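Engineer: please find the sequence and the predicted model below.
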Amino acid sequence: MGNCFARRIKAVCPFHGSPASGLNSKFASKDANDLSTCSSRVSAVSVPSNPRSEGEILQSTNLKSFPFSDLRNATRNFRPDSVLGEGGFGCVFKGWIDEHALTAAKPGTGIVIAVKRLNQEGVQGHREWLAEVNYLGQLYHPNLVKLIGYCIEDEQRLLVYEFMPRGSVENHLFRRGSYFQPPSWNMRMKVALGAAKGLAFLHGAKVIYRDFKTSNILLDTNYNAKLSDFGLAKDGPIGSKSHVSTRVMGTYGYAAPEYLATGHLTAKSDVYSFGVVLLELLSGRRAIDKNRPSGEHNLVDWARPYLTSKRKIFRILDTRLGGHFSMAGAPKAATLAQQCLSREAKFRPSMEEIVKALEGLQDAKDIVRSSGAGQSGGSHRSGTGHSSRRRGSQGTGNGNVASPRPSGSPLNS
C-alpha cells in the first residue's frame, strides 16, 4: 500500500542476456518474473509532457469517459484503505458509482468498481493503458472482465472495471489462511473451463492474450472465471502470415519455448500458457517456485515425467485435495495439460478443442477418496512458495478484494 503513495518505482535498464528476449530474472518485477529488462525506456516515452488525447481511443459506445474528479470522489480521494492491489501499472482502488448516472456515490451505495490508476513513473505506461482500453472497449464476453470506462485527463490515466469480489485464482490456489480454502476438484475444472472459453473467444477475434497466468484470472461472486489485464495483448497474424514477430514479453514460467527462443507469437503461445495454468490447478504448485528443492523449481520440468505415465499422473495432484478428485477426470485433465505443453506448437490443441475437452470434465460425480494420490514425486508442499504480494482479497465476497490485478508486465513489443 505504501508503494502507491510514498515510494517511487525506480526503473532500471540493464542489457544483460539475449536482446531478443530481454530475459533476466535478476531484474524481474516484484509481482512476477516478468520478461523485460528496459522499463526505464518505457516510462520515459509512455507518458509524455504533452499528454496524448482521446483520439487514440477506438470508438466504443459502451465505454464512459470519466472526469478525474468523479473517480477521485468515488475512491474517497484514493484513500490507502481503498487499495485493492498494486503492481507495475500502479494501484487498484475500490470505489462506488451510481448505477445509472455512473457518477461518484457514497461508499456502500450504487455499484462497486475497481479503479486502476497509472503510476506515471512505473514500468508501464500510456501504450499499455491504451491497449487495455481499445481491446476491452471492443471485446465483450462473459469470461472477460468488463471495462466500464476510462479517464485521460492531463497526465492522469485510469481504467474503471467491474468489481470481482472473489479475487484472483492465484490467491485461491496459493494463499494460506481461513479465508482461502483450497478449491475443490470441481471448482478447479470450472475455473479452467471459464478461462479457456475466454481465451477461445480472443483467438476467434484474432487476438493473442500473451500474459495468461493465475493472477490475471479473476472470479466473480459465483466463481466464474474472467480474464483481466490486456496490456500485453496483440493482434494475431493476418493473411498468409503464420506468426507475429515481437519482443518477448509476459511472465517467466508461462511463456512458450518457441516464443522465448524466436519472438514468434501465435495463438499456440497462449495454449502453452494455458497448459501451465492447468498444471497449477492440478498440482497446487506455482509455475516457478525457488523455495522448492532443486529440480522442482520449474513446475513444467518437474511434472513432465509424471504426465507421460498414466500410472504416475496421480502423483502430481494437489495433496490439499485430500484425495478427493475425479478418478476418470484427473487423467484426462493431466493428458490435456501435457498436450498443451507440447514443445512443438503444432502438436498443441486449439483453445476450441480445449473447451470441448473441459466441458466433459464438469461436475464430476465420481469423486472419491483416493488415499494413494499425490503422495510421491518429490517433496509436495503444495501451495507454498513465493508469498503473494497482492493486497486485499481477504474473504469470500466481503471487504476489500483485489480486482483487477495491476499488471507486473512491462510495456514493449
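Structural biologist: Cool, the structure landed.

Engineer: so H126 touches E155, yeah?
Structural biologist: No. Assessed by CB atoms under 8 Å, H126 is found out of contact with E155, at 9.4 Å. From N, CA and C alone the C-beta is placed, and that goes for glycine too.

Engineer: neighbours around the nearest residue to C340 once chain neighbours are set aside, how many?
Structural biologist: Spatial nearest neighbour of C340, chain neighbours left out: G275 (2.8 Å); criterion: CB to CB, 6 or more residues apart in numbering. Using other CB atoms under 10 Å, G275 is surrounded by 25 other residues.

Engineer: over to the one 10 residues further on?
Structural biologist: Counted with other CB under 10 Å, the burial measure for R285 works out to 24 neighbours.

Engineer: once you drop chain neighbours, what's closest to it?
Structural biologist: Nearest non-adjacent residue to R285 (CB to CB, 6+ apart): L299, at 5.2 Å.

Engineer: quick one: the helices in the stretch 201-350 of the chain, in order.
Structural biologist: 257-262, 267-283, 299-307, 329-340 (DSSP state H, counting those that start in this stretch).

Engineer: now, of those, which is deepest in the fold?
Structural biologist: Compared across these, helix 267-283 shows the largest average neighbour count, a mean of 25 (mean count of other CB atoms under 10 Å).

Engineer: that helix to helix 329-340, inter-axis angle?
Structural biologist: 150 degrees (axes from the mean of the first three to the mean of the last three CA atoms, to 10 degrees).

Engineer: using PDB, write out the CA atom coordinates for helix 267-283.
Structural biologist: These are the backbone C-alpha positions of helix 267-283, laid out as PDB (Å, rounded to 0.1, in the frame of the first residue of the first chain):
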ATOM      1  CA  ALA A 267      -2.300 -18.400 -30.600                       C
ATOM      2  CA  LYS A 268      -0.500 -21.600 -29.700                       C
ATOM      3  CA  SER A 269       1.700 -19.500 -27.400                       C
ATOM      4  CA  ASP A 270      -1.400 -18.800 -25.300                       C
ATOM      5  CA  VAL A 271      -2.200 -22.500 -25.400                       C
ATOM      6  CA  TYR A 272       1.100 -23.300 -23.800                       C
ATOM      7  CA  SER A 273       0.500 -20.800 -21.100                       C
ATOM      8  CA  PHE A 274      -2.900 -22.300 -20.500                       C
ATOM      9  CA  GLY A 275      -1.200 -25.700 -20.100                       C
ATOM     10  CA  VAL A 276       0.900 -24.200 -17.300                       C
ATOM     11  CA  VAL A 277      -2.100 -22.800 -15.500                       C
ATOM     12  CA  LEU A 278      -4.000 -26.100 -15.900                       C
ATOM     13  CA  LEU A 279      -0.900 -27.800 -14.300                       C
ATOM     14  CA  GLU A 280      -1.000 -25.200 -11.400                       C
ATOM     15  CA  LEU A 281      -4.700 -26.000 -10.900                       C
ATOM     16  CA  LEU A 282      -4.000 -29.800 -10.800                       C
ATOM     17  CA  SER A 283      -0.900 -29.600  -8.600                       C
END
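
Engineer: run through the neighbouring helices and strands of it.
Structural biologist: helix 169-174, helix 185-204, strand 207-208, helix 257-262, helix 299-307, helix 329-340, helix 351-359 (3 or more CB pairs under 8 Å, 6 or more residues apart in numbering; DSSP states H and E).
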